[in-house]
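1. Return a 3D structure for these sequence lines:
(2 chains)
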Amino acid sequence: MRPEANKPAALGEGRHSPRFAVATATRASIIAALAVIPAVLILIALPAFADRALLQELFYVFTMLTLAQLWNLLAGSAGLISVGQQAFVGMGAYALFAFTIIAGLDPVLSIVLAGIVAGALAVPAALIVFRLRGAYFAIGTWVVAEVCRLVLAQVKHLGGGTGTSLPPDIAGSMIGLDFVRHLFRVRGPAARDILSYWLALVLVVGTFILVYRLLRSRHGLALSAVGDSEPAAESTGVDVFRTKFLIYVVTAIVTGMVGALLFLQKARISPDAAFSLIDWTAYVIFIVVIGGIGTMEGPIIGVVIFYLLQYYLAALGSWYLILLGALAILLMLFAPSGVWGVISHYFDISLFPVRRRLVVPERAGLRKESLR
Amino acid sequence: MLGWIDTLLQGILLGGLYSLYATGLSVIFGIMRLVNLAHGDLIVLGAFLILAATAAGAPLILAFAVVVPLMFFIGYALQSALLNRALGRNILPPLLITFGLSIIVQNGLLETFSADTRRLDIGPLQSASLPLGSGLAVGLMPLICLGAAIGVIVLLNSVFYRTPLGRAFRATSDDVEIAQLMGINNRSIYALTMGIALAVCAIAGFFLGARANFDPSIGPARLLYAFEAVIIGGLGSLWGTLAGGIVVGLAQTIGAHIDPEWQILSGHVAFLIVLVIRPRGLFPRAVD
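-> Numbers count the residues shown, from 1 in each chain, chains lettered A, B, ... in the order given. Here you go, the predicted model:
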């Protein structure tokens, strides 16, 4: 599925073993890893010199990128194609509103609790939808999301079908808000934007670390095996159900936290907005597919392309959506591996390598080469 | 008591409409193992095409007679030009192509016909009903719709089980590689399948427009009802799909009888319950 990586392993790797070694790092990935640290530091310090508008835009980009990376983990690695992730976005968002408005908890704490609620929803949901396979699994997840939307439209305490707003005093009392206000000498709303921006940054960086470490671990190997062929994975001792179940619940937890953060920032919720198929699943799938499914780099490129399209063309309304749909179709027909797939095919680079390659050192009398 | 009997009758009749939605989806899955996420939007497209033809001055029957074969050709072209290029073991490309198509059809209808709700004008049939005695009555149009659902299934089954073409369909469904070895062109079988499915979509669209209001946004909900009917009935059996449609219809009318706001929810919940207690549906046939 993925193009063969022929880059030699990083210097020094494989020397300890007389015959061969298994490596995942490449020269490009080491450079990327070194570049990521200053990039993240700059993003952390950004509120000191960026204006509010830029922070708000980056907030949206980070949350969409997180959702995309999570969907990519489900569909690209585990083969679980869900069109119902809006269930967890909406559930997390509604949990945040319930915890803050009804229980009076702090919004930042509520984001974490909202993740747990979304995870708790994922457990019974998984037990039901895992009975469906492939494409039918996809529609099954959609039904679950519809059930959540219809049920929450009945909850009168949270505004029923028309939704409700977050009272200003709740959003104004977040943990850390005073700290941000003093640090940057800004007023309440600007401080809220900065805090939301940082939380989104934490979620996106945390998700990348989580996914990267997971894919490079034994569990990641099991996950790829399940995604490629369930019977083959089962026959080599992988517990297919447990692997899929865990990945489904973990992505649901983080998706729920993203949903909570998104609607904390919006400060207004309704069943149609929180469980929107277009906003939280169609766009997300578009980002992953255009960037390159099954690679960690894909969603980054995808979110940039998506953001530019949105920025310049969203005013076209329905025509914008028609264009996105047509682009997705053309891409599936002519470049199913997406933009990053094409780049890594021609330039043979991998910034987040998760594949194990067999490295045979020159000393063994063989030509230095690496195998899949 | 009479209220409940009436509710059950209405549920069965509504099930006729849902099984019309589902028959096309069932045929596509049975033969190609493909799930068409644009199915609901294509039903709504059928309704709008009939509406457009009547608005252009054609009588309703003529509009119906033109749009059904038109939708057949649209399906044939869609499969030959797009979906046949994405065949293979990976289910993602066909799934995402139909997802993109769903968004295109939905927004294309929105641009062309606006978001206004519409209804097909079926004249006096609209309110005609058949008295059953003791105060009960069933609408004539819903009854015709159920009859059409049964008629479509009888027709399709006789094509699939009594004609050489049907044998080719079943062979392709059972094992596409062996069928190809026997000289069957699976791509043209697939194109015909999509054509048939979309012709059924047009019929479903006609009854959708004749029975209730419609607008460009209602496609995805129709897809879900159709999907639930197929899974409840069990994959691979058209009569099962009819039964599944009736289960969804009954669940919805019973739910609505208790509280009108629960109509759609109870249909979904019935589906989830069936999935838990009989994961392969009520009348399973296919192995996968």
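
2. And the lowest mean pLDDT element among the helices and strands of chain B?
-> strand B:129-133 (a mean of 82; mean pLDDT, DSSP states H and E).

3. next helix or strand past that one?
-> In the C-terminal direction, the helix or strand that comes right after strand B:129-133 (DSSP states H and E) is strand B:136-139.

4. Contacts made by that next one with the rest, please.
-> If you take C-beta atoms under 8 Å, 6 or more residues apart in numbering or on different chains as the criterion, strand B:136-139 is touched by B:2, B:5, B:6, B:9, B:10, B:13, B:127, B:128, B:129, B:130, B:131, B:132. Placement of C-beta: from N, CA and C, glycine included.

5. Okay, the fourth one and chain A: tell me how far apart.
-> With distances defined as C-beta to the nearest C-beta, to the nearest Å, the gap from residue B:9 to chain A amounts to 25 Å.

6. That residue belongs to a helix, doesn't it?
-> Yes - counting by DSSP: H, G, I helix; E, B strand; the rest coil, residue B:9 falls inside a helix.

7. can you count the residues close to it?
-> Neighbour count of residue B:9, defined by other C-beta atoms under 10 Å in any protein chain shown: 19.

8. Identify the residue nearest it in space, chain neighbours excluded?
-> residue B:138 (5.8 Å; C-beta to C-beta, 6 or more residues apart in numbering or on different chains).

9. returning to that earlier point: for the least confident helix or strand of chain B, enumerate the helices and strands it packs against.
-> If contacts are counted by 3 or more C-beta pairs under 8 Å, 6 or more residues apart in numbering or on different chains; DSSP states H and E, strand B:129-133 sits against strand B:136-139, helix B:140-162.

10. deepest of these, which one?
-> helix B:140-162 (a mean of 17; mean count of other C-beta atoms under 10 Å in any protein chain shown).

11. quick check: angle from the helix or strand just after that helix to helix B:140-162?
-> The element immediately downstream of helix B:140-162 (helix or strand, assigned by DSSP H and E) is helix B:164-174. Per axes from the mean of the first three to the mean of the last three C-alpha atoms, to 10 degrees, the angle that helix B:164-174 makes with helix B:140-162 is 80 degrees.

12. What about residue B:276, how many residues nearby?
-> The burial count for residue B:276: 12, using other C-beta under 10 Å.

13. do the same with residue B:277
-> Using other C-beta under 10 Å: residue B:277 sits among 6 other residues.

14. Which pLDDT value goes with the residue of chain B most remote from its centre?
-> Within chain B, residue B:134 marks the point farthest from the mean C-alpha position, 33.7 Å out by C-alpha atoms, centre = their mean. pLDDT, residue B:134: 76.

15. what's residue 98 in contact with, if anything?
-> With no chain named, the answer covers chain A. A:157, A:158.

16. nope, chain B
-> B:34, B:35, B:36, B:37, B:38, B:39, B:83.

17. need the helices and strands packed on strand B:129-133 in TSV with distance to residue B:272, can you?
-> Formatted as TSV, the helices and strands packed on strand B:129-133 follow (distance: least, C-beta to C-beta, whole Å):
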stretch	distance to residue B:272
strand B:136-139	29
helix B:140-162	24
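
18. weakest of those by average pLDDT?
-> strand B:136-139 (a mean of 84).

19. Might you report the residue contacts of the residue lying closest to residue B:242 once chain neighbours are set aside?
-> Setting aside the residues directly before and after it, residue B:242 is nearest to residue B:19 in space (C-beta to C-beta, 6+ apart), at 4.4 Å. Contacts here follow C-beta under 8 Å, 6+ apart; on that basis residue B:19 touches B:149, B:153, B:229, B:241, B:242, B:244, B:245, B:246.
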